[in-house]
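K.L.:
attaching a predicted model along with its sequence, questions to come.
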Amino acid sequence: MEGQQQTVVVVQQPVAGGAGGQLREWNDGVFSCFSDFGSCIYGYFCIHCLMCNVSTRLGENCLAAHVALPALRTKLRVANGIEGGVCNDWCCSQCFLPCVVCQMDRELKHLGR
């Protein structure tokens, strides 16, 4: 139609580290559960409690981890300059949920949070 403006929306993947920032790897891998045995046991026996704990330490509602774990992993990764991508965050969170939650817990401990 004539006289109407067309709006184009561009969605970009979040980028960690900002302009020229150096990205780093996760402190521990997804399957490094036994590097912090306490986190591993906590996740094994009460994964929902650990999910709530991680979520609140990231400044989100307790339910956020239950409905948007990939987004929380992305938030943690981007805010702390950890390399990776949204697709990887989603795939890991869907396939290895307990391991990802324990990894996020270990990363937050490493960051002093």
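P.N.:
Structure's in. What do you need?
K.L.:
residues contacting the residue nearest the centre of the chain?
P.N.:
Closest to where the C-alpha atoms of the chain average out (Cα atoms, centre = their mean) is R73, at 0.8 Å. R73 makes contact with D89, C92, S93, V100, M104, according to Cβ atoms under 8 Å, 6 or more residues apart in numbering. Glycine gets a C-beta too; all of them are placed from N, C-alpha and C.
K.L.:
how about the helices in this structure?
P.N.:
37-45, 47-57, 64-79, 86-95, 97-110 (DSSP state H).
K.L.:
among these, which is nearest L23?
P.N.:
Smallest distance to L23 across the helices of the chain (Cβ to Cβ): 9.3 Å, for helix 64-79.
K.L.:
pull out the buried positions in the closest one.
P.N.:
For helix 64-79, burial by neighbour count (16 or more other Cβ atoms under 10 Å) applies to 64-65, 68-78.
K.L.:
ok, the residues you listed vs H48, which is closest?
P.N.:
Using Cβ to Cβ, the buried residues of helix 64-79 come closest to H48 at A65, 8.6 Å.
K.L.:
dump the residue contacts of that closest one.
P.N.:
M51, C52, V54, S55, L72, V101.
K.L.:
again, but for L63
P.N.:
S55.
K.L.:
before we move on, what about Q94?
P.N.:
Residues in contact with Q94 (Cβ under 8 Å, 6+ apart) are P70.
K.L.:
need the per-residue pLDDT for it.
P.N.:
With respect to pLDDT, Q94 scores 94.
K.L.:
same check on the one 4 residues further on?
P.N.:
Among the per-residue scores, P98 holds a pLDDT of 94.
K.L.:
same check, this time on the one 5 residues further on
P.N.:
Q103 carries a pLDDT score of 95 in this model.
K.L.:
that one and S35 touch, don't they?
P.N.:
No - counting by Cβ atoms under 8 Å, Q103 stays clear of S35, with 9.7 Å between them.
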